[in-house]
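Participant: this one's sequence-less:
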């Protein structure tokens with residue numbers, strides 16, 4: 001699976017964050033503009049617009065493995081970027097229509113139809129060495145850790 005440019009993905013993610021902000025504001029207005037519930041409004045807006053993504057992280061001396069559940073999303077519907085301390089996953093599900101033998105059209109509405117997940121990593125990784133695959137609704141990341149210390153190749157002066 002190809003990685004997206006982190007800066008491009010940040011711009012796309014802003015659209016999602018703006019949609020959440022607009023929905024949170026509507027919730028605020030529907031309550032008569034009563035202050036003090038901003039986090040509640042934001043989290044409710046997120047739950048209405050974004051599908052949850054469960055994450056698991058495993059670490060060894062040389063690598064970090066991350067798994068993210070993106071069930072129902074195909075590779076073409078998901079964009080990801082990897083930075084030294086962060087993984088960003090952004091996806092939008094397209095409506096699905098299929099025609100059965102009897103000519104009946106089935107329409108599947110995925111609601112919520114988007115995912116947006118930022119995973120903060122505790123250790124630096126090498127984005128260029130990352131391997132990512134999507135299999136049966138699970139994104140698997142194999143992230144090589146960056147070197148702990150830069151090695152000085154010059155011999156010590158005697």
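Facilitator: That came through, no problem. Computed from a predicted model, the values in this text were never measured in an experiment.

Participant: quick one: buried residues of the lengthiest helix in the chain?
Facilitator: Secondary structure of the chain per DSSP state H: the longest helix is helix 6-30. Using 16 or more other C-beta atoms under 10 Å as the test for burial, helix 6-30 gives 9, 13, 16, 19, 20, 23, 24, 27, 28. The way it works is simple: take the backbone N, C-alpha and C, and place the C-beta from them, glycine included.

Participant: and the gap between the last one and residue 15?
Facilitator: In this structure, residue 28 and residue 15 are 20 Å apart, going by C-beta to C-beta, to the nearest Å.

Participant: now swap in the first one and tell me
Facilitator: When distance is defined by C-beta to C-beta, residue 9 is 11 Å away from residue 15.

Participant: any idea of the pLDDT on residue 157?
Facilitator: At residue 157, the pLDDT value in this model is 52.

Participant: where does residue 34 sit, in terms of helix or strand?
Facilitator: Using DSSP states H and E, residue 34 maps to neither a helix nor a strand.

Participant: and the contacts of the longest helix of the chain?
Facilitator: 34, 37-38, 41-42, 44-46, 48-50, 79-83, 88, 90, 114, 116 (C-beta atoms under 8 Å, 6 or more residues apart in numbering).

Participant: restricted to strands, list those residues.
Facilitator: The members of these that map onto strands under DSSP state E are 79, 80, 81, 82, 83, 88, 90, 114, 116.

Participant: all good on my end, thank you.
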